[in-house]
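[1] Here you go, sequence then predicted model.
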Amino acid sequence: MCVMQKVWATDVPGKAKNATPVEVKLKEGRQPVRIKQYPLRKEDREGIRPVIEKFLQLGLLRECESNFNTPILPVRKPDGSYRVVQDLRAINKITEDLYPVVANPYTLLTVLTPELTWFTVLDLKDAFFCLPLHKSSQKIFAFEWENPKRGRKTQLTWTVLPQGFKNSPTIFGNQLAKDLESWEAPPEEGKLLQYVDDILIATKTEDACMTWTVSLLNFLGLQGYRVSKKKAQVMQRKQGIALGILAQDLGPYRRAVAYFSKQLDATAKGWPGCLRAVAAVVLNIQEARKFTLGQKMTVLVSHTVSVVLEAKGGHWLSPQRFLKYQAIMVEQDDVEIIVTNIVNPASFLSGNTGEPVHHDCLETIETTYSSRSDLRDSPMENTENWFTDGSSYVLSGKAVNIYTDSKYAFGVVHAHGAIWKERGLLNSQGKNIKHAEEIMKLLEAVQLPEKVAIMHIKAHQKVNSELERGNELADREAKQAAKGELLVTECKQTMPLPETMFCAQQIKIPPELPDILKQFTKAAIRTQPPDVLQWAAAYFSALSKGEPPPVKERIEMPLATEKTGAGLTPGLLKILHKQLSPKGTVSVAELKEKWKHLCLPEDQLKAILQLDDFGEEVEWMKFLALGCSVLGGSLLSSMKHACEILTRDPEGGAARIPFETFSFLYSYLASIDGEIPEQKTEAFLHKIKEQADQQTGMVLLRNFLTQPSTLL
């Protein structure tokens, strides 16, 4: 079983094939709203500029003149990129409401039977963008945009169903549900559930789940939808989620009211299992309160979560999170926590109360996560007390009580150190932890004493006890030591050895160098690369290999109607044609390398490659045709670019190409478009051939630019 590649989401959104344009109507008597755009910082406008330009290029946005206007807000993502959010609250007030026929997410899972134990969850990417917006309704969603590079202000509007519109989930959910009705499920028993743009498959066996998943993915791909490969959950046996069932007593049994599943955040995923149970209980209590409305609830859990929170929560949780968990789980009168060995939902719903738990959470945490199994956090009797501020070295074989006012060091030895060491000094997000070398030294030093207890003491307190006096003395000695000279016992060479040096007599400058640099300068002026250093490396690399360099034949002066920016241009596509066309077929790796040499955006290359099912090898003429389609807004303008790039006439001559080449490119683009009937394509090419036969088999621009548009 294989999945067609075009179902997976790329930078190019899908297009639902059976969807009709969505019409949006205003409430009776309502007038257009015009809300001025908020002032945006230049860095924010620069951040969303690539997003706006990509949407314009893909046809998701277009320029317009509208009597509506609502503001946009750039939102910065954690990875530094931006997304565009439009404030459509004013539009939502004046447009007609649709009855939301959307399933209740809390009760949706109740239709699943207990024997369905294998699951797949699929998330449709940019789902709303799959549905076109009726042209008469597009003006309603207009917004103002000022290009930070050119300073030009204009109005843009959506050609697809926008995000943030109140009826978008209902409209999309209805369309997807309608399309799914025509899907023929495999014969194996299973269930499909849909919630807006999320789909869940449940089956009895693993093989059946895989069969259903592949069948559904291929169906969605054929219907024009795109699925997020990153978010797809295909029969995952382990996932960091909090699961819960809210139930009411019904006779001797319990009746399920709602099912909860919440993703634990990245921080909680890095905690010990018993402490993760605390986070899961808190999440489920928060969700359950939406249903209980203040009524008393009993929480059945297989961990001693209250004890774990009080005894170990301070080691792992931030003060804010610790107080929040206490307020939700401990300090509320409506929550009663019962520890039980029930972990199977079926046993829970049957009314079984379970048996006591023999698992000791505190012992498990101390054994698993402490830097040594016998490490204590309370002082030992008849043992020396040491106070430290900075670092101290303890001889092996002693028993010692150590007090520190460093909460970080205390947390390392009691909670985090062992798991960090096991992970290779990585945190829960997979990033390198800070002070890794010092932490390793600390974990080694704590193994030296025969017995050791490490306690935390608050810093900078009034001296009211022996412990505070000892901590103050340690602080004073540390400050005094910091003022003295440091004894360097080891000097490691951290700087790399200098590069080989040459004297003037060894340096030979070829006599051709001035001419080479002159030609390089002219080439740079003609090509005008956005990254001169990257382009220069590719230029001299091509010269050394005897390959065509990445140089334009002339400076490109874009027309007023053409887009400008760092993307593909006719001149750059012509360079690629000179470099790659002799091979006929090129590898994707080589294409990416040449693309990078021209300082072109990688996202644009990915978008072009996604237009067809290319493998590791790409037929060059097909890629050229797709590149021309990116440059041209229509099939005719795409063919115009192709003729101008492929013509072999001297500069200034009429652009023309052989009919065979024209026929191949036109037929290929028409098949990719999918909206031009094959009969019309053949009729159009037949007329072009009649004219080409009278012109030594060549096709001129006037032969097809003057053809009636009905044939295209």
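    Right, received. Where do you want to start?

[2] For the rest of this, base every contact and every neighbour count on C-alpha atoms.
    Noted.

[3] Next, please give the residue ranges for the strands of the stretch 51-200 of the chain.
    61-64, 72-76, 82-86, 118-123, 143-146, 153-158, 190-195, 198-203 (DSSP state E, counting those that start in this stretch).

[4] Give me the distance between the closest residue in space to residue 16 that isn't next to it in sequence and residue 167.
    Excluding the flanking residues, the one nearest residue 16 by C-alpha to C-alpha, 6 or more residues apart in numbering is residue 224, at 4.5 Å. Distance, residue 224 to residue 167, using C-alpha to C-alpha, to the nearest Å: 21 Å.

[5] repeat for residue 279
    Counting by C-alpha to C-alpha - residue 279 and residue 167 are separated by 35 Å.

[6] try residue 52
    If you go by C-alpha to C-alpha, the gap between residue 52 and residue 167 works out to 23 Å.

[7] So in this protein, which helix runs the longest?
    In the chain, assigned by DSSP state H, the helix with the most residues is helix 273-292.

[8] so how far is stretch 153-170 from its chain's centroid?
    22 Å (C-alpha atoms, centre = their mean, to the nearest Å).

[9] again but with stretch 207-225, I slipped
    23 Å.

[10] Residues contacting it, please?
    Stretch 207-225 is contacted by residues 1-4, 6-8, 14-18, 118-120, 124, 127, 130, 179, 183, 185-186, 188-190, 201-203, 226-227, 234-235 when judged by C-alpha atoms under 8 Å, 6 or more residues apart in numbering.

[11] can you pull the buried residues of it?
    By 16 or more other C-alpha atoms under 10 Å, the buried positions in stretch 207-225 come out as 208-213, 215-221, 223-225.

[12] these two touch, right, residue 689 and residue 659?
    Yes: between residue 689 and residue 659 there is a contact under C-alpha atoms under 8 Å: 6.7 Å.

[13] Need the overlap of contacts for those two.
    Contacts common to residue 689 and residue 659, judged by C-alpha under 8 Å, 6+ apart, are residue 697.

[14] Helices of the stretch 551-700 of the chain, residue ranges please.
    570-580, 588-597, 602-609, 620-631, 635-646, 659-673, 678-693 (DSSP state H, counting those that start in this stretch).

[15] quick revisit: the more surrounded of residue 279 and residue 167?
    Using other C-alpha atoms under 10 Å, the more surrounded residue of residue 279 and residue 167 is residue 279, with 23 against 20.

[16] Disregarding residues adjacent in the polypeptide, which is nearest to that one?
    Spatial nearest neighbour of residue 279, chain neighbours left out: residue 268 (7.0 Å); criterion: C-alpha to C-alpha, 6+ apart.

[17] since we're on that neighbour, how many residues are nearby?
    Burial of residue 268 is recorded as 20 neighbouring residues (other C-alpha under 10 Å).

[18] That one reaches residue 278, doesn't it?
    No: Residue 268 is not in contact with residue 278 according to C-alpha under 8 Å; the separation is 9.5 Å.

[19] Assign the residue most central in space within the chain to helix, strand or coil.
    By C-alpha atoms, centre = their mean, the mean C-alpha position of the chain lies nearest to residue 230, the distance being 7.7 Å. Under the three-state scheme (DSSP: H, G, I helix; E, B strand; the rest coil), residue 230 adopts coil.

[20] Adjacent strands (with direction) for the helix or strand harbouring residue 401?
    Using DSSP states H and E, residue 401 falls within strand 399-404. Note on strand 399-404: by DSSP bridges, its sheet partners are strand 384-388 (parallel), strand 451-456 (parallel).
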